[in-house]
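Participant: can't give you the sequence, but here's the structure:
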């Protein structure tokens with residue numbers, strides 16, 4: 001896949017550094033659509049794996065393994081924290097510390113019933129995507145992790161706008177707006193979106 005195809009003007013995707021783009025495993029991929037299709041097939045396998053395990057979501061190794069299972073057939077860097085800087089997320093050298101802090105905070109919040117289950121799981125997903133620990137796939141990873149936490153807290157998995165797929169562009173816009181509101185500590189619209 002050429003750099004231009006991975007760099008595209010699709011603002012829904014995190015731009016990859018040149019060295020990250022060179023880690024594509026599938027040489028037949030020449031378009032963003034082919035990449036999305038390959039990643040989605042890999043994610044479906046990860047979902048099957050996830051249903052068969054009992055691991056806690058508040059474990060750092062779990063997140064690296066989940067991401068690896070979601071993307072390892074497509075990217076060589078799957079499951080490894082990013083080492084390059086982005087216009088989103090924390091500085092790359094802070095990722096391990098931020099992940100440990102997030103997981104410790106969530107353990108405390110679970111133990112002390114700090115938030116209702118849906119809110120806790122959505123806050124967790126939001127903070128995980130804000131850290132942006134991996135080169136790509138952070139939104140999909142954070143939503144899957146949020147689902148897992150919700151289920152561990154006795155709730156159903158979230159739908160994350162799947163009930164309104166008539167206009168995927170509008171769904172994506174609603175999700176981004178809800179994330180931006182959460183950036184300002186207003187989680188109501190993100191909780192609502194997660195259940196839409």
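Facilitator: Cool, got the structure. None of these values were measured; they are calculated from a predicted model.
Participant: biggest helix in the chain by residues?
Facilitator: helix 32-51 (DSSP state H).
Participant: Just list what it packs against, helices and strands only.
Facilitator: helix 3-7, helix 60-71, helix 138-152 (3 or more C-beta pairs under 8 Å, 6 or more residues apart in numbering; DSSP states H and E). The way it works is simple: take the backbone N, C-alpha and C, and place the C-beta from them, glycine included.
Participant: got the buried residues for it?
Facilitator: 35, 38-39, 42-43, 46, 50 (16 or more other C-beta atoms under 10 Å).
Participant: Contact partners for residue 127?
Facilitator: Listed by C-beta atoms under 8 Å, 6 or more residues apart in numbering, the contact partners of residue 127 are residue 102.
Participant: which element is it on?
Facilitator: Element membership for residue 127, per DSSP states H and E: helix 117-131.
Participant: Could you quantify the relative orientation of that helix and helix 138-152 as an angle?
Facilitator: 160 degrees (axes from the mean of the first three to the mean of the last three C-alpha atoms, to 10 degrees).
Participant: Averaged pLDDT, helix 117-131. What do you get?
Facilitator: What helix 117-131 shows for mean pLDDT is 98.
Participant: give the contact list for the nearest residue in space to residue 14 that is not next to it in sequence.
Facilitator: Distance criterion C-beta to C-beta, 6 or more residues apart in numbering; nearest residue to residue 14, sequence neighbours excluded, is residue 136 at 5.2 Å. By C-beta under 8 Å, 6+ apart, the contact set of residue 136 is 13-14, 16, 20, 71, 75.
Participant: so what's residue 136 scoring on pLDDT?
Facilitator: 94.
Participant: That one in helix, strand or coil?
Facilitator: Here residue 136 is coil, with the state taken from DSSP: H, G, I helix; E, B strand; the rest coil.
Participant: Show the subsequent helix or strand relative to the host helix or strand of residue 175.
Facilitator: In the assignment (DSSP H and E), residue 175 maps to helix 168-183. Remark: after helix 168-183, the chain's next helix or strand is helix 188-194, criterion DSSP H and E.
Participant: Can you tell me what sits against that following helix?
Facilitator: 118-119, 121-122, 125-126, 146, 158-161, 174-175, 177-179, 181-182.
Participant: what's the answer for stretch 54-71, then?
Facilitator: For stretch 54-71, the surrounding residues in contact (C-beta under 8 Å, 6+ apart) are 39, 42-43, 45-46, 49-50, 78-81, 96, 99-100, 103, 106-107, 110, 124, 128, 133-134, 136-137, 140-141, 144-145, 148-149, 152.
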